[in-house]
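Trainee: sequence and predicted structure are below.
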Amino acid sequence: MTDSLFSTRYYSYPKLDEDIRDKMQHLRQSIAKLEANLITPDSVDKASKQTEGHKDNSALENTVLAESEVDYAGELNPSQLLAATTIEGKVLVIAGAGSGKTKTLTYRTSYLIESGASPNSILLLTFTRKAANEIKGRVKSLLAESLADNRALSGLDLNAITSGTFHSFCNMLLRRYSGLLGINPKFTILDTGDSEDALDMICKDQGVVRKNMKQAFPRKKTLQKLISTSRNRHILLRDLIENDYPDIAIHIPVIEQLAMEYHRYKRANHLYDFDDIISQVVYHLKNNLQFRKLIQDTYRHVMVDEYQDTNIPQKQLIDYICKPDNVSLMVVGDDNQSIYAFRGANYENILLFGDSYPEAKLIKLEQNYRSTPAILDYVNALSEQITLGYQKKLYSSLAVDGSKPVLSRRSNDKEEAKYIADKIINLKPEHDYNDFAVLSRTSFQSNEIQLQFMQRNIPFIVVGGIKFIEKRHIKDILALVKILYNPNDTIAWHRILTLFSGVGEVTATKITNAITSRNNSFEPLLDPKLTKNKEHIKELYQVLTKAEQQETVADILQTLIDFYLPMLKMLEDNWRERSEDFRVLINLAREHSSLDNFLENLALDPPNDSVAVMGDPEKKEPDAVTISTIHSAKGLEWPVVFVNSLVDGLTPHHRSLHEFEELEEERKLFYVACSRAKTHLYLTAPDYYSSFAGYFDKVSRFIAEVPEDTVLVDSHASKARAEKPESNEPEWW
DNA sequence: TGGTGAAAAGTTTTT
DNA sequence: CTTTTCACCA
């Protein structure tokens, strides 16, 4: 039994073909090159003692600014201090899980400013607005005293630091420099769904006829994904399709044509999908010398967070800005935590940093402030199974080892859920509910957990699920707003017009064509020939005209909602429940002064309102167990972490079993999950799991790969099968 | 245009 | 097995 649990001989591993081998070889060389440029607190010390002959203080401590109110050397560990005070050239910082990455970026920003960098020359790029705001906020409070006391610094406006997501930064550039770039600043943003709709429309426009095709033509979702992946990973559509979708290879010319049309369509109508926002800036940086120069002159100190998750256009953006030698660049990331390749992230970026910047330095943050040594041992053991990467080993300065991760096999997913619920109830006396998290490979895997928690009155919040702005009624209202803001937004027009009964694809197209050719006047809505005399469409005209005259964003929204509500009543029987969301929308609108602002923020920083709360709804931050996917847990930590569904086929996911790189990403995903835990880590696996996708009954290979003595196997697990009924209440209650 | 039924697809999702 | 998407027809 134990023998089979910790042996990998029962698993089949994907073969490494020639291409991958070559690629890995190349990556290894690049890694080795940069490893040679590793700088450590010690190496810096020695070097400076030889050349300058400092006496007692370490060289690092001497770099600390004399006048500063901030105690850099006191508050950072030596490696962090080295990273914070290395402000010239190009640097890659490998920041292991829980190594104080955000803190380091904060202190480096502060150090830059105290060293004389102007706030508006600093550019900080992240993937979430939350991270961007946190760093900026922490810099502000860190420098508050210095700003007040130090004459050289007084009067500096720290708000001038550009700190944001890739998308918000590029969006800002496109609007601010629209004149220089020759584009319309009043563009609207297509989210993924909008972009699918656009492609669908273009298919029809182009006369793509799906019937009578020998080989099925890809659906709109697939098309969108193909085009997006092709752009984000810089793989020609042809190659992408031949490799990953060989079945549709005969349609390659048509798909290429569609991609071209889609691009033209967006440019003509001032529409930008998420990929455009970045790629178009890259395009302008490449082709518009004046723009490039301006940007390079503006941003002299660039920092990038989560570099392992950047895609190719994002890398290009960084490279264009940082090309001049006098622009400093620090990218921070952890190659062990690249888990977004499926979204177009290119994990090679971080491994090839030494290739892009041969002079670059490497700094490693390996001291972990999160987990106990016992958990770190496990996490390090997992790390060793990851094939490619920079050498690293996390260590803790904690004296007590703590408890080893516990692995428990239960008969099925329901028993897993019971086990987890039992453990939480047992541990509750020493913990708040906030201290617990349950992480799963897919959101679906938490269903049983939620049921168990409900039965036992364990409060929980679920992270993820349907997003607020993806709900139908919210998208409808936003489409109305988009029409007002950018009447060229044909996608929004279509969405609204086809809501009317009797209006379909054909009529909608006629109307939008008429509107576009009449210079975006709403008049065609009144044309009886086009509208077949539908009263509702006339009302739409009136409501749009009325909304245009409203003063505030909230008033505009209210006008549109009043118009839409009767339609919603016809469309959805839970309209009452749904209309609650409009209050949220109005409240959001109140925080924005203009439509630009409102639409932009909603698209690029969607409210995380998808959270389902169980427990006390009055409290702002309820004390509740977090239930989350592993992906959404990245960057977070909890004292007690449960990871469930650890059978091969679920974790790793069965669809990733056959490709080396995909399996590798799954392995990193498990690494991310386990490295969230501070003091207790519980791993659970069902004896078997079966679904349409197959029958899975082996424990995850990621567990089997690791030395047996790093985990504790909960032995009375499998005996306690689901036999005794826990009460005599009927199950259907 | 909109209803019907057959046929695919079916993870993860910071924007 | 369940949900979404598409083609067909009245």
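Mentor: Looks like it arrived, so ask away.
Trainee: okay, now the domains of chain A?
Mentor: Structural domains annotated on chain A: A:37-175+A:277-365, A:188-269, A:373-465+A:613-713, A:468-604, as defined by automatic domain parsing.
Trainee: CSV for those domains, including mean pLDDT?
Mentor: Shown next, in CSV, are the domains of chain A (pLDDT from 0 to 100):
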stretch, mean pLDDT
domain A:37-175+A:277-365, 91
domain A:188-269, 87
domain A:373-465+A:613-713, 92
domain A:468-604, 88
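Trainee: I'd like these as TSV, with mean neighbour count and distance to A:Ser7 appended.
Mentor: Where you see a C-beta, it was placed from the backbone N, CA and C, and this is true even at glycine. As requested, the domains of chain A are exported to TSV (neighbours: other CB atoms under 10 Å; distance: least, CB to CB, whole Å):
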stretch	mean neighbour count	distance to A:Ser7
domain A:37-175+A:277-365	19	24
domain A:188-269	16	32
domain A:373-465+A:613-713	19	6
domain A:468-604	17	44
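Trainee: possible to save those domains as CSV with distance to DNA strand C?
Mentor: CSV is the format used below for the domains of chain A (distance: least, CB to the nearest atom of the strand, whole Å):
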stretch, distance to DNA strand C
domain A:37-175+A:277-365, 18
domain A:188-269, 2
domain A:373-465+A:613-713, 4
domain A:468-604, 10
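Trainee: so which of the ones you listed comes closest to A:Arg28?
Mentor: domain A:373-465+A:613-713 (7.0 Å; CB to CB).
Trainee: nearest to A:Thr8, of the domains of chain A?
Mentor: domain A:373-465+A:613-713 (5.3 Å).
Trainee: from start to finish, how long is that closest one in a straight line?
Mentor: 18 Å (CA to CA, to the nearest Å).
Trainee: do stretch A:73-91 as well
Mentor: 20 Å.
Trainee: tell me which residues are up against it.
Mentor: Stretch A:73-91 is contacted from outside by A:39-41, A:44, A:60-61, A:63-64, A:72, A:93, A:100, A:103-104, A:107-108, A:111-112, A:115, A:117, A:301, A:322, A:328-332, A:357, A:359-367, using CB atoms under 8 Å, 6 or more residues apart in numbering.
Trainee: now the residue lying closest to A:Ile461 once chain neighbours are set aside: phi and psi?
Mentor: Closest residue in space to A:Ile461, ignoring its immediate chain neighbours: A:Ala624 at 4.8 Å, by CB to CB, 6 or more residues apart in numbering. Dihedral pair for A:Ala624: phi -150, psi 150, per degrees, to the nearest 10.
Trainee: swap in A:Asn412?
Mentor: Residue torsions, per degrees, to the nearest 10, at A:Asn412 are phi -150, psi -180.
Trainee: contacts only, for the residue nearest to it when sequence neighbours are not counted.
Mentor: Nearest non-adjacent residue to A:Asn412, counting by CB to CB, 6+ apart: A:Pro686, 4.9 Å away. Counting by CB under 8 Å, 6+ apart, A:Pro686 makes contact with A:Arg409, A:Arg410, A:Ser411, A:Asn412, A:Asp413, A:Glu415, A:Glu416, A:Ser645, A:Val647.
Trainee: next: A:Arg590.
Mentor: Counted by CB under 8 Å, 6+ apart, A:Arg590 has contacts A:Thr552, A:Val553, A:Ala554.
Trainee: one more pass at 7 Å, please.
Mentor: Residues near A:Arg590 by CB atoms under 7 Å, 6 or more residues apart in numbering: A:Ala554.
Trainee: isn't A:Ala131 right next to A:Asp305, touching?
Mentor: Yes - in terms of CB atoms under 7 Å, A:Ala131 counts as a neighbour of A:Asp305; the distance is 6.0 Å.
Trainee: now the residue lying closest to A:Ala345 once chain neighbours are set aside: how far from A:Val641?
Mentor: Spatial nearest neighbour of A:Ala345, excluding adjacent residues (CB to CB, 6+ apart): A:Asp309 at 4.5 Å. Going from A:Asp309 to A:Val641 by CB to CB, to the nearest Å gives 22 Å.
Trainee: got it, and A:Tyr433?
Mentor: For A:Tyr433, the distance to A:Val641 - CB to CB - is 14 Å.
Trainee: and A:Ser79, by the same measure?
Mentor: 26 Å.
Trainee: on that earlier part again, among the contacts of A:Pro686, which lie within helices?
Mentor: Residues of these located in helices (DSSP state H): A:Asp413, A:Glu415, A:Glu416.
Trainee: hang on, isn't the last one packed against A:Arg410?
Mentor: Yes - with contact defined as CB under 7 Å, A:Glu416 and A:Arg410 form a contacting pair (4.8 Å).
Trainee: what residues does the lengthiest helix in chain A touch?
Mentor: Ranked by number of residues, the top helix in chain A under DSSP H is helix A:129-149. Outside helix A:129-149, the residues that touch it by CB under 7 Å, 6+ apart are A:68-70, A:102, A:105-106, A:109-110, A:113-114, A:124, A:126, A:153-154, A:156, A:158, A:161, A:163-165, A:168, A:305, A:605.
Trainee: keep only those that also lie close to DNA strand B.
Mentor: A:Thr165, A:Ser168, A:Asp605 (CB under 7 Å from any atom of the strand).
Trainee: can you pull the contacts of the residue lying closest to the second one once chain neighbours are set aside?
Mentor: Ranked by CB to CB, 6+ apart and with sequence neighbours excluded, the top spatial neighbour of A:Ser168 is A:Leu604, at 5.2 Å. Applying CB under 7 Å, 6+ apart, we find A:Leu604 in contact with A:Thr165, A:His167, A:Ser168, A:Asn171.
Trainee: check A:Ser338 too.
Mentor: Per CB under 7 Å, 6+ apart, neighbours of A:Ser338: A:Gln308, A:Asp309, A:Ala345, A:Tyr347, A:Lys668.
Trainee: tell me the secondary structure at the last one.
Mentor: Under the three-state scheme (DSSP: H, G, I helix; E, B strand; the rest coil), the conformation of A:Lys668 reads as helix.
Trainee: one more: the third one?
Mentor: For A:Ala345, the secondary structure call by three-state DSSP comes out as coil.
Trainee: isn't it right up against A:Pro313?
Mentor: No - A:Ala345 lies out of contact with A:Pro313 (CB under 7 Å); the separation is 11.2 Å.
Trainee: what's the spacing between A:Val281 and A:Arg176?
Mentor: Counting by CB to CB, the gap from A:Val281 to A:Arg176 is 11 Å.
Trainee: mind checking which of the contacts of helix A:129-149 are in helices?
Mentor: A:Thr102, A:Leu105, A:Thr106, A:Thr109, A:Ser110, A:Ile113, A:Glu114, A:Ser168.
Trainee: most widely separated two among those?
Mentor: A:Glu114 and A:Ser168 (26.5 Å).
Trainee: among the domains of chain A, which comes closest to A:Phe6?
Mentor: Per CB to CB, nearest to A:Phe6 of the domains of chain A: domain A:373-465+A:613-713, 4.3 Å.
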